[in-house]
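**Q** build me a structure from this.
(chains A and B)
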Amino acid sequence: ELKVEQNPLFLSMQEGKNYTIYCNYSTTSDRLYWYRQDPGKSLESLFVLLSNGAVKQEGRLMASLDTKARLSTLHITAAVHDLSATYFCAGRGLYGGATNKLIFGTGTLLAVQP
Amino acid sequence: DVKVTQSSRYLVKRTGEKVFLECVQDMDHENMFWYRQDPGLGLRLIYFSYDVKMKEKGDIPEGYSVSREKKERFSLILESASTNQTSMYLCASNAGQAGAYEQYFGPGTRLTVT
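**A** Purely as a prediction, here's the structure:
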């Protein structure tokens, strides 16, 4: 069964600094999602990574996928306060037929300090 | 824009009460999901449905049931609420195979059982 682990669970960083959130998964998953959740709000889709070596970027966030290492990363460049949120990764559990589902990591709470 | 709405943002119920959480999506999606979100545990799937009147258990179905009588509506039922069901409940929907495409989330219902 697919398990998804994120680290760190909490990240406090200064504005202008770079950092990376890691998402490891335990068995084969053919796609990886990144979501953002602002406090008290719901989840918003950021990226969908579909193949080995896939890289997607939007603004100061860049996500990549290495299916051989079973690792996805979310890199933050020159952080700004507006990026403060909880970030989740999720992989697809392959149960076959119509019953596959997303397995979520525990989330990384990012706090960007001025 | 995909819209997923949930009937209440905040709900307070007493132990033993029957609780209904409603979710409606307006994009004709086949699949609908109920998750609960707890600190340090991420999102855990309670139930999902891939068609009207069809349902599948997720990872933590105990103490919950669901109903999907119409394609756009998916209800989560707590037959006899208990304090350990105090949580944030998130509804989501997507098209196609359940795990294959990004899921769109509703705003969440924060349920407190006293």
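
**Q** which strands and helices lie in contact with the longest strand along chain A?
**A** Assignment by DSSP state E gives strand A:85-93 as the longest strand of chain A. Counting contacts by 3 or more CB pairs under 8 Å, 6 or more residues apart in numbering or on different chains; DSSP states H and E, strand A:85-93 packs against strand A:4-7, strand A:19-25, strand A:32-37, strand A:71-76, strand A:101-104, strand A:108-113, strand B:42-51. Using the backbone N, CA and C atoms, a C-beta is placed for each residue, glycine as well.

**Q** so what's residue 68 closest to, chain neighbours aside?
**A** Answering for chain A, as no chain was given. Closest residue to A:Lys68 apart from its sequence neighbours, by CB to CB, 6 or more residues apart in numbering or on different chains: A:Asn52 at 6.5 Å.

**Q** I was after chain B.
**A** Distance criterion CB to CB, 6+ apart; nearest residue to B:Arg68, sequence neighbours excluded, is B:Ser49 at 4.4 Å.

**Q** how distant is stretch B:106-114 from the center of its chain?
**A** 10 Å (CA atoms, centre = their mean, to the nearest Å).

**Q** and the strands in chain B, which stretches?
**A** Under the criterion DSSP E, chain B contains strands at B:4-6, B:10-13, B:19-25, B:31-38, B:42-51, B:54-57, B:64-70, B:73-78, B:87-94, B:104-105, B:109-113.

**Q** anything in the shortest one near chain A?
**A** By that I understand strand B:104-105. Yes: residues of strand B:104-105 contacting chain A under CB under 8 Å from any CB of the partner chain: B:Tyr104, B:Phe105.

**Q** around chain B, which positions in chain A sit nearby?
**A** Counting by CB under 8 Å from any CB, chain A sits next to chain B at A:9, A:31, A:33, A:35, A:41-45, A:48, A:88, A:90, A:92-94, A:98-102, A:104-107.
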